[in-house]
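Visitor: Dropping the sequence and predicted coords here.
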Amino acid sequence: MSRMFRQAASKPVLHRRDARATWVLKPILRTRLLLLAVLPMLVGCQAMYFLTPEKGKPVKAEYTKIGSQTVAIVVWADRPTLDVDPLARRRVCDAIVYHLKKNLEKATFVSGRDVETLQEKSGLNWEQMPTEELCKRLKCDIVIRVDLLEYTARGSVAQELRKGKVRGTINVYECGIGSGEESTYNTDIACTYPKATDKHVNDLTDGDLIRETVVEFGQVVAQKFYDHEVSLRGPGER
């Protein structure tokens, strides 16, 4: 009897309970393993959603005659603007050419340096120069003239309000016999930086504000000459 008692006592008393607990835990373990397997897939799907480029609204070019021709960007600015930033004309010219080159690969563009040489070192009155002569001097087929009307990092109403603004008129002149002095395309463009009211500009200098605004202005001007897309979230969203 004592031997049988000892043998019974040596067996685990919770054997059935342990088996029952194991049976209950198995579905929980299976569920956890399934979640661990699916979680990376869910995270991956979310990541792909945010990394997938947004499909924007297609916009057609407003002027479509550039093709494989040679184009010169000529920027005019008044004396007060040039006193504040002597490189204003060159900055705007280079910003426009940069985006045009990226999107109009067949066209050729007169360098900003050559345009600057004509404006500042030739001694010629380029502002009053007939279109045909200007084309010959710059060796181009098309002149895109940009007249800067505003070029500032200060608000027009409150000078203490720091916000970059570049505004100008754009006129396209086609070279060649019989082209005349009338522009074949014109538009007005104004850009500000920053656009969002929640962006702080305290850590930006006036020069930083102007440079960022010129980049935006250059892109908007260039987009008039090639098909592109705009964000569905609204203007200024990139």
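Guide: Perfect, thanks for sending it.
Visitor: what about the chain, any weak spots by pLDDT?
Guide: 1-54, 155-160, 177-178, 196-200, 233-238 (pLDDT under 70).
Visitor: can you give me the helices in it?
Guide: Secondary structure of the chain, counting by DSSP state H: helices at 2-10, 15-51, 79-84, 88-103, 112-120, 131-138, 206-222.
Visitor: which residues sit against the fifth one?
Guide: Pointing back at helix 112-120 there. Helix 112-120 is contacted by residues 72-75, 89-90, 93-94, 97, 124, 126, 137-138 when judged by C-beta atoms under 8 Å, 6 or more residues apart in numbering. Where C-beta positions appear, they are placed from N, C-alpha and C, glycine not excepted.
Visitor: of those residues, closest to residue 105?
Guide: Of all these, residue 105 sits closest to residue 97, with 13.2 Å by C-beta to C-beta.
Visitor: Tell me the bridge partners for the closest residue to that closest one other than its chain neighbours.
Guide: Residue nearest to residue 97 in three dimensions, not counting chain neighbours: residue 109, with 5.0 Å by C-beta to C-beta, 6 or more residues apart in numbering. With DSSP bridges as the criterion, residue 109 is bridged to residue 71.
Visitor: thinking residue 109 is in contact with residue 72, fair?
Guide: Yes - Residue 109 lies in contact with residue 72 (C-beta atoms under 8 Å); the separation is 7.5 Å.
Visitor: Who has more neighbours out of those two?
Guide: Using other C-beta atoms under 10 Å, the more surrounded residue of residue 109 and residue 72 is residue 72, with 27 against 22.
Visitor: And residue 77, how close does it get to residue 69?
Guide: Between residue 77 and residue 69 the computed distance is 26 Å (C-beta to C-beta, to the nearest Å).
Visitor: who's more crowded, these two?
Guide: More crowded of residue 77 and residue 69, by other C-beta under 10 Å: residue 77, with 21 against 16.
Visitor: contacting residues for the more buried one?
Guide: Applying C-beta under 8 Å, 6+ apart to residue 77 gives the contacts 88, 89, 148, 151.
Visitor: For residue 228, state which of the residues you listed is nearest.
Guide: residue 148 (23.1 Å).
Visitor: What count of nearby residues applies to the closest one?
Guide: Using other C-beta under 10 Å, residue 148 is surrounded by 19 other residues.
Visitor: how close does it get to residue 115?
Guide: Where residue 115 is concerned, residue 148 sits at a distance of 14 Å (C-beta to C-beta).
Visitor: Kindly report the same for residue 135.
Guide: Residue 135 is 12 Å from residue 115, by C-beta to C-beta.
Visitor: How is this structure divided into domains?
Guide: Domain ranges of the chain: 2-51, 57-230, per automatic domain parsing.
Visitor: Let me know which of those is tucked in deepest.
Guide: Each of the domains of the chain was scored by mean neighbour count; the highest is domain 57-230, a mean of 16, by mean count of other C-beta atoms under 10 Å.
Visitor: Now do the end-to-end distance for it.
Guide: 5 Å (C-alpha to C-alpha, to the nearest Å).
Visitor: got any residues that touch both of residue 135 and residue 115?
Guide: residue 72.
Visitor: can you pull up the bridge partners for the nearest residue in space to residue 127 that is not next to it in sequence?
Guide: Spatial nearest neighbour of residue 127, excluding adjacent residues (C-beta to C-beta, 6+ apart): residue 76 at 6.7 Å. For residue 76, the beta-bridge partners are residue 147 (DSSP bridges).
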